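**Q** Quick one, structure for this:
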Amino acid sequence: MKRSNLVLSVLFALILIITVGANLILKAEYDKIDKKDPLASYSKTALPAFHYLKLNGKTFGVTQIQQGNAHELRIIADPKYFRWKVTGDTLQFTYLRDWEKNGAEKDYELRATPTFYIIAPSVTRIVSNDAILKVNGWKNKNMEIVMNGGAVEFSKNKIEDLKLHLNTDVLSKIDGGNSFGKASFKVRDNSTLIVEKNIFRTLDIKVDSTAHISLPGDLLHKLP
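**A** Numbering: from 1, shown residues only. Next up, the predicted model:
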């Protein structure tokens, strides 16, 4: 066999070995993925127990807060762009964006896939400063949410006693897949509340002169 042919044969064999080896490594990593986990592509961080949540900093993306069996973060963002700590019974989550936001409409931002998931068995109070939130899948006796700027969307929740405070140009959307017992809303400072269906047992709303609300007609008789 000519030397050139021998070199080509050895080179081909090496390429084949490397390709097969790489495929085996990729297959092994793929086999580790929990195929039943809808958040398998998100990194997972276990958290200490908490019942209160505070969100601050230079916010970005969508953060979904949902009920689960464990306290954990699921994220697809670079870790340098956020930090967290649990003090007492409160998770403090801080966004560390170092770029200018594009000024997108809040309604448009709410349509995005979440960048962060904050998961816990129970959360009773959330204070958010300018974050874009989705509150999803909660079955709670009570929950209080204070929104200072930003937006919040509610889906698939069943909460007996909900208190919602919308301050400083907040957009809040509540779809028809929720079920609330007693609900108390305060809407102020150019904030907007949009309720899709009558999903309340009792409802109390306080609205200042700068705010806007959109309610279905059959909900009006529940207002005091």
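**Q** Give me the buried positions along stretch 190-204.
**A** For stretch 190-204, the buried set under the neighbour-count rule, 16 or more other CB atoms under 10 Å, comprises 191, 192, 193, 195, 198, 199, 200, 203. C-beta here means a position set from N, CA and C on the backbone, and glycine is covered the same way.
**Q** show me where this structure has helices.
**A** For the chain, helices defined by DSSP state H occupy the ranges 3-32, 106-109.
**Q** Pick out the shakiest of those helices, pLDDT-wise.
**A** Among these, helix 3-32 has the lowest mean pLDDT, at a mean of 59.
**Q** roughly how far apart are residue 186 and residue 76?
**A** Using CB to CB, to the nearest Å, one gets 34 Å for the distance from residue 186 to residue 76.
**Q** Those two: which has the busier surroundings?
**A** When residue 186 is set against residue 76 and neighbours are counted by other CB atoms under 10 Å, the residue ahead is residue 186, at 18 against 14.
**Q** The more buried one and residue 170 touch, don't they?
**A** No: counting by CB atoms under 8 Å, no contact exists between residue 186 and residue 170, whose distance comes to 10.7 Å.
**Q** I'd say residue 172 and residue 152 touch.
**A** Yes: with contact defined as CB under 8 Å, residue 172 counts as touching residue 152 (5.1 Å).
**Q** Touching both of those two, which residues are there?
**A** Common neighbours of residue 172 and residue 152 (criterion: CB atoms under 8 Å, 6 or more residues apart in numbering): residue 164.
**Q** OK, contacts around residue 42?
**A** With CB under 8 Å, 6+ apart as the criterion, the residues that contact residue 42 are 74, 75, 76, 117.
**Q** Can you list the low-confidence ranges for the protein?
**A** 1-14, 16-35, 222 (pLDDT under 70).
**Q** Enumerate every residue touching the residue most central in space within it.
**A** Here the mean C-alpha position of the chain is nearest to the C-alpha of residue 64 (CA atoms, centre = their mean), at a distance of 1.2 Å. Residues in contact with residue 64, defined by CB under 8 Å, 6+ apart, are 114, 116, 117, 118, 133, 134, 135, 136.
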